[in-house]
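Engineer: Predicted structure and sequence below. I'll ask about it afterward.
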Amino acid sequence: MPLPLALDAQDATPASPGLSTQPLTILQEVFGYGAFRGQQQAIVDHATAGGDALVLMPTGGGKSLCYQIPAISRHRAGKGVTIVVSPLIALMHDQVGALEEVGVNAAFLNSTHSQEDAQRIERDMMAGRLVMLYAAPERITNLRFQAQLASLHERGLLSLFAIDEAHCVSQWGHDFREDYLQLSMLHERFPDVPRLALTATADDSTRADMIERLKLEDARVFISSFDRPNIRYALVEKDEPRKQLLRFIRDEHDGDAGIVYCQSRKKVEETAAWLTEQGVSALPYHAGLDASVRQKHQDRFLREDGLVMVATIAFGMGIDKPDVRFVAHLDLPKNIESYYQETGRAGRDGGDADAWMTYGLADVVNQRRMIDESPAHDDFKRVQRGKLDALLALAEAHDCRRVRLLGYFGEASAPCGNCDNCLNPPATWDGTEAARKLLSCIYRFWQHGQNRFGAGHLIDVLRGKHTDKVAQYGHDSLSTFGVGSELSDNQWRAVLRQLVSLGHVVAEGEYNTLALTDSARAVLKGGVQLTLREAMESPKRGRVSKAGGKPAAAPADLDGDALSRFADLKAWRAEVAREHNLPAYIVFNDATLADMARVAPQTLGELSAISGVGAKKLQAYGEQILTVLGR
């Protein structure tokens, strides 16, 4: 039986007497944090007062609090429910679970609910009892749900719209979703209900698109620093990439949770299986797996320690696990936004983390070909080529990675001292003459009407190798035959890769045959000087691994007794998480447990002073924690 669209006014929840509507008090009492960070307070105050906003804040910057606290404040003031637009079921589930843990009445609506459960949630929403309701964009735009929103609005119980992952609305973004395009109707139908659009990544064109498509022209824009100083960036040239990955994990992250991104489903499954054979606990995740398998693997990753998820980008938004210590890429992403968002899933707890990537010439060629062969219109292809060029410039840079990365988002910075190029500056050389030799050789192929050659044959000719193919086409008679014998195969591949990255050479057609671009002319004529980087593997960081005695995930500043308390608290937390069917970090994150272990509070009052211990959690778990700490 369908749910009535309106309820009697007396069913509505009035303002909550005795409960503070002050954002700072809510932050302290509900969430257990003493102060806001960065721009959080300005955003929260603006939204609580009913203002529209576009919020750009990096992953791990506390983006969720920017709408959760206004939602609680406005609900306590009698303004009703906040609707949170969220693209993923997993994200909804964990966000609601975390809110329930701190005593906030929240729910989500999606296809996993039975009809009975869905109707119960809808009744709570229509009565104004819910503080927040999470729903996917396709549900938000459903006609029945729109009628329910209209009924809430008529009774003054529609408080706020929070549009999470708002970059999905932009065709220029890295994760465009058509369902987001219809969300402009929220402004058209409910112009007096404030809206917050939030995302962790957006360049200038994406920001402009978000503002236009969501009708946020009059909204205040908050842009936080994109810097994640706890993440160390390293990009290395491919040389047996699976072995490089294994060496990286064993040397730097033995026993740590991490994510490994691959471009294809087949590569995901092969890499996960190979890592498992090598003794690394790894699981595959991609859209081709059965939904139940994907859910099982995601649940294990979120709830267990030390697992490595090998995935396509299908394993994306909504991964809120705070103790991911590394994100590795075995293939080049499509653009800097994708790279930034994917690497941003590491170190959400503020602890040291790594963003490691291995890439090669084939990655560059494949990404360019996918853009060129896509059915998209020319303007879109042009923008995507520009985004790929920016990522390639980052990959081939011999200056600070972070300066380049932040510069892409319009943020000026100084060298970070915490990326591979800062810690171990790569050797560079004047590659102008080598580049001219390589470009000239490609030109000779085309001049003789023979343009069906790729990188391998080009390098054979440059190095003067007498192969069957060289003899077949008479290329040992070319003036460029053997002019590059002083460089190795790998050195020539590095030169070619950088010329492709710089846009002087393109790979065309099914067989990736090489051709010159217009910009190659200036290089050939000697009008451009090229400083190229020499390939260099990333060094070891020398972190303590589990084999060395102390767990890699343990905070470095805990002494022996505190480490013991920390281990006891983690074991207690794991049991509570299992009972509640939640990821352990939702009960308490590692940073909060570490503070408990360090301070060793002996009373509930002392425990309440620990960051992350709010009133509800103190009431629910306080005595248990004090028992674990052995007061």
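Structural biologist: Perfect, I can see it now.
Engineer: C-alpha only now, for contacts and for neighbours.
Structural biologist: Noted.
Engineer: show me what contacts residue 399?
Structural biologist: For residue 399, the contacting residues are 421-422, 425, by Cα atoms under 8 Å, 6 or more residues apart in numbering.
Engineer: Closest to residue 336 out of those residues?
Structural biologist: Closest approach between those and residue 336, by Cα to Cα: residue 421, at 17.8 Å.
Engineer: What is the helix or strand bottoming out on mean pLDDT in the chain packed up against?
Structural biologist: Taking mean pLDDT, DSSP states H and E as the measure, the helix or strand of the chain with the lowest value is strand 505-508, at a mean of 81. Using 3 or more Cα pairs under 8 Å, 6 or more residues apart in numbering; DSSP states H and E as the contact test, the elements touching strand 505-508 are helix 361-373, helix 489-501, strand 513-516.
Engineer: Residue 204: how many residues sit nearby?
Structural biologist: Residue 204 is flanked by 12 other residues according to other Cα atoms under 10 Å.
Engineer: tell me the contacts of it?
Structural biologist: Residue 204 is in contact with residue 409, counting by Cα under 8 Å, 6+ apart.
Engineer: and with 10 Å instead?
Structural biologist: 172, 210, 408-410 (Cα atoms under 10 Å, 6 or more residues apart in numbering).
Engineer: what do you get for residue 295?
Structural biologist: Residue 295 touches 90, 285, 289, 301, counting by Cα under 10 Å, 6+ apart.
Engineer: packing partners for the host helix or strand of residue 619?
Structural biologist: Here residue 619, judged by DSSP states H and E, is contained in helix 615-628. In terms of contacts (3 or more Cα pairs under 10 Å, 6 or more residues apart in numbering; DSSP states H and E), helix 615-628 is packed against helix 89-101, helix 560-580, helix 590-599, helix 604-608.
Engineer: repeat that for 8 Å
Structural biologist: Secondary-structure packing of helix 615-628 (3+ Cα pairs under 8 Å, 6+ apart): helix 560-580, helix 604-608.
Engineer: By mean pLDDT, show me the worst of those helices.
Structural biologist: When the helices and strands packed on helix 615-628 are ranked by mean pLDDT, helix 560-580 comes last with a mean of 91.
Engineer: what's the angle from it to helix 89-101?
Structural biologist: On the basis of axes from the mean of the first three to the mean of the last three Cα atoms, to 10 degrees, helix 560-580 is oriented at 110 degrees to helix 89-101.
Engineer: Neighbour-wise, which one of the contacts of residue 399 leads?
Structural biologist: Counting neighbours by other Cα under 10 Å, the top entry in these is residue 421, with 23 neighbours.
Engineer: Of the contacts of residue 204, which belong to helices?
Structural biologist: 210, 408 (DSSP state H).
Engineer: Any stretches of the chain with poor pLDDT?
Structural biologist: Low-confidence segments of the chain (pLDDT under 70): 1-17, 171-175, 314, 316-318, 451, 509-511, 535-556, 631.
Engineer: Name the residue most distant from the centre of it?
Structural biologist: In the chain, the residue that sits farthest from the middle, by Cα atoms, centre = their mean, is residue 477; the gap is 51.8 Å.
Engineer: Which parts of the stretch 201-350 of the chain are helices?
Structural biologist: Under the criterion DSSP state H, counting those that start in this stretch, the stretch 201-350 of the chain carries helices at the ranges 204-213, 241-252, 265-277, 291-303, 336-343.
Engineer: Got the phi and psi for residue 397?
Structural biologist: phi -60, psi 150 (degrees, to the nearest 10).
Engineer: Could you find the closest non-adjacent residue to it?
Structural biologist: Sequence neighbours aside, residue 533 is the residue nearest to residue 397 in space, at 7.7 Å (criterion: Cα to Cα, 6 or more residues apart in numbering).
Engineer: What distance do you get for residue 233 to residue 246?
Structural biologist: Distance of residue 233 to residue 246, given as Cα to Cα, to the nearest Å: 17 Å.
Engineer: More neighbours: the two, which one.
Structural biologist: Set residue 233 next to residue 246 and count neighbours by other Cα under 10 Å: residue 233 wins out with 22 against 18.
Engineer: which residues sit in contact with residue 371?
Structural biologist: Contacts of residue 371 (Cα under 8 Å, 6+ apart): 381, 384-385.
Engineer: Of those residues, which belong to helices?
Structural biologist: Members of those lying in helices (criterion: DSSP H): 381, 384-385.
Engineer: which of the contacts of residue 371 has the most neighbours?
Structural biologist: Neighbour counts for these, by other Cα under 10 Å, peak at residue 384, which reaches 21 neighbours.
Engineer: excluding its backbone neighbours, what's nearest it?
Structural biologist: Closest residue to residue 384 apart from its sequence neighbours, by Cα to Cα, 6+ apart: residue 371 at 7.0 Å.
Engineer: pretty sure residue 246 is touching residue 275, no?
Structural biologist: Yes: taking contacts as Cα atoms under 8 Å, residue 246 lies within contact range of residue 275: 7.3 Å.
Engineer: want to try TSV for the helices and strands packed on helix 615-628, with distance to residue 188 and mean neighbour count as columns?
Structural biologist: Shown next, in TSV, are the helices and strands packed on helix 615-628 (distance: least, Cα to Cα, whole Å; neighbours: other Cα atoms under 10 Å):
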stretch	distance to residue 188	mean neighbour count
helix 560-580	40	16
helix 604-608	45	16
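Engineer: List the contacts of stretch 42-61.
Structural biologist: 23, 63, 65-67, 69-71, 73-74, 193-202, 211, 216, 218-228, 341, 344-345, 347-350.
Engineer: Sort out which of these are buried, if you could.
Structural biologist: 23, 63, 65-67, 69-71, 73-74, 193-202, 211, 216, 219-222, 224-228, 341, 344-345, 347-350 (16 or more other Cα atoms under 10 Å).
Engineer: give me the number of residues near the nearest residue to residue 463 once chain neighbours are set aside?
Structural biologist: Nearest residue to residue 463, sequence neighbours excluded (Cα to Cα, 6+ apart): residue 485, at 4.1 Å. Residues within reach of residue 485, counting by other Cα under 10 Å, total 16.
Engineer: Can I take it that residue 485 is in a helix?
Structural biologist: No: counting by DSSP: H, G, I helix; E, B strand; the rest coil, residue 485 falls outside a helix, being coil.
Engineer: Let me see the contact set for it.
Structural biologist: Applying Cα under 8 Å, 6+ apart to residue 485 gives the contacts 462-464.
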